[in-house]
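> Show me how the following folds:
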Amino acid sequence: MKKSTGSERLRTRLQVAVFAVPLVLQVLLPVSARGQEGPESRHEDDLPVATLVEVLELDLTEAPITRRVPNLVESPDGTVFVVGSTEVLVFDPDGAYRGEIGRQGDGPGEFRSLTGLGMHGDTLWTGDAMSGRVTRFLSDGSLLEIITPPPSVRGVPSFLTLAVDGSVVGNPLSMMTPGASSSPPRTVWWRWGRAEGSDAGVADTLISMVIRNSLMNIEARGGTRPLPQPFVEQEFVAVAGTEPYALAAHALGEEDDGLIVVERLHFDGARDTAVAVRYRPRRITSEDVDGVVDRMGRVLSTPFGAPEMAARPTPDIARQLRRTIDVPDHHPPLTDLVQGSGGGIWIGRESSASRRNWLIAQEGVGAVARITLADYQRPLAATDGHVWLLEPGAFDLPRIVKYRIDTP
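As a prediction, the model looks like this:
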């Protein structure tokens with residue numbers, strides 16, 4: 001484990017991350033939600049409103065961190081590991097920066113583009129999208145093992161997750177393209193169980209997904225910028241690696257009533273319902289469109305992914321966005337899905353202007369609370385009674401904060 005020099009930190013902060021904008025994969029799940037609600041399918045309007053109390057903020061002043069933070073994991077002793085671009089950042093339980101695990105490169109213990117991080121017991125694992133491999137470390141940074149699914153299985157590059165049973169779960173980073181297509185591209189979440197003592201093995205399909213065309217082209221800053229359509233109905237898959245299953249969320253909406261279902265996709269092929277909650281579809285207003293135009297225009301106004309700090313969009317960009325954005329009658333019911341540890345689930349609901357609504361659920365219990373966050377606040381990890389959020393901070397650096405969840 002090492003600490004970066006000042007010049008190394010500067011270079012890291014100036015790097016342009018390849019995967020700075022999270023890709024949203026929209027899926028078609030061949031499962032009917034009706035009849036799977038179970039006895040705990042409460043309506044979201046009946047859920048208590050949770051509040052957050054700040055518990056701990058990580059000290060990032062000496063850490064080589066950028067605004068790109070895919071995820072975070074907290075060990076049982078309170079040590080916090082955060083994904084950087086090409087290293088894992090380590091923080092003491094009091095939030096003080098301790099050092100780094102790994103560095104940029106192609107050798108053992110080196111990374112090209114980290115997208116995954118998790119922990120099984122005292123073993124830390126990382127998923128490197130560009131090198132297509134999973135690396136296991138002890139919590140002190142000692143290298144244990146490198147696992148490389150064959151290219152015929154993984155595709156390059158891929159999101160990679162090391163599951164608790166030792167298998168690797170992955171999904172190719174497939175880019176959506178603007179315009180209509182008579183044959184939409186497909187992508188597959190796969191699970192690869194390697195043969196004992198080798199990198200050979202068999203891959204099983206966890207779920208097959210159709211990627212819908214949902215990008216629009218906007219002329220800005222002397223070039224063409226592809227942006228996702230903001231009001232496309234989506235379904236989500238989340239794989240944290242802490243359980244022997246993935247989660248998949250989809251919604252069935254009607255004019256006055258809808259149902260969100262989160263399923264468990266067990267690695268043995270079984271599927272069952274983890275959480276079901278009813279919701280009321282919300283109509284898209286002109287104020288909602290104004291908020292989306294402002295937010296997306298700010299994204300187009302800054303090259304470094306800090307829309308909350310950017311100037312308002314120019315009239316030309318605003319006109320392009322209003323002309324190009326497809327506006328349906330209702331907000332998409334799902335905007336995100338986070339699989340936490342211990343059965344915790346955060347379900348992203350609709351965004352409104354600069355806010356986003358979330359449902360907090362627990363497997364075996366159902367939805368337990370709802371909360372509204374600022375649109376730029378993003379859950380990184382959810383634990384029992386706590387959540388880690390990524391927020392904007394000073395000098396174009398993020399804040400990473402742990403909150404206690406208080407529910408009436």
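> Quick check: which ranges of the stretch 201-350 of the chain have low pLDDT?
Scanning the stretch 201-350 of the chain for pLDDT under 70 picks out the ranges 201-202, 209-213, 254-255, 302-311.
> where along it do the helices fall?
286-301, 315-324 (DSSP state H, counting those that start in this stretch).
> shaky segments in the stretch 1-150 of the chain?
Ranges of the stretch 1-150 of the chain meeting pLDDT under 70: 1-40, 67.
> Let me see the ranges of the helices in it.
Counting by DSSP H, counting those that start in this stretch, the helices of the stretch 1-150 of the chain are 6-14.
> Out of the helices of the stretch 201-350 of the chain, which is closest to A248?
Ranking the helices of the stretch 201-350 of the chain by their distance to A248 (criterion: CB to CB) puts helix 286-301 first, at 26.2 Å. C-beta: built from backbone N, CA, C; applies to glycine.
> Could you list the buried residues of that closest one?
Within helix 286-301, the residues that count as buried by 16 or more other CB atoms under 10 Å are 288-289, 291-301.
> quick revisit: quick check: which of the helices of the stretch 201-350 of the chain is nearest to G121?
So among those, helix 286-301 is nearest, using CB to CB, at 39.8 Å.
> Using PDB, list the CA coordinates for that closest one.
Listed next in PDB are the C-alpha coordinates belonging to helix 286-301 (Å, rounded to 0.1, in the frame of the first residue of the first chain):
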ATOM      1  CA  SER A 286     -43.600  21.600 -18.200                       C
ATOM      2  CA  GLU A 287     -41.600  22.400 -15.000                       C
ATOM      3  CA  ASP A 288     -40.100  18.800 -15.200                       C
ATOM      4  CA  VAL A 289     -39.100  19.400 -18.800                       C
ATOM      5  CA  ASP A 290     -37.500  22.700 -17.800                       C
ATOM      6  CA  GLY A 291     -35.500  21.100 -15.100                       C
ATOM      7  CA  VAL A 292     -34.300  18.300 -17.400                       C
ATOM      8  CA  VAL A 293     -33.300  20.900 -20.100                       C
ATOM      9  CA  ASP A 294     -31.400  22.900 -17.500                       C
ATOM     10  CA  ARG A 295     -29.600  19.800 -16.000                       C
ATOM     11  CA  MET A 296     -28.700  18.300 -19.400                       C
ATOM     12  CA  GLY A 297     -27.600  21.700 -20.700                       C
ATOM     13  CA  ARG A 298     -25.200  22.000 -17.800                       C
ATOM     14  CA  VAL A 299     -23.700  18.600 -18.600                       C
ATOM     15  CA  LEU A 300     -23.100  19.900 -22.200                       C
ATOM     16  CA  SER A 301     -21.500  23.000 -20.800                       C
END
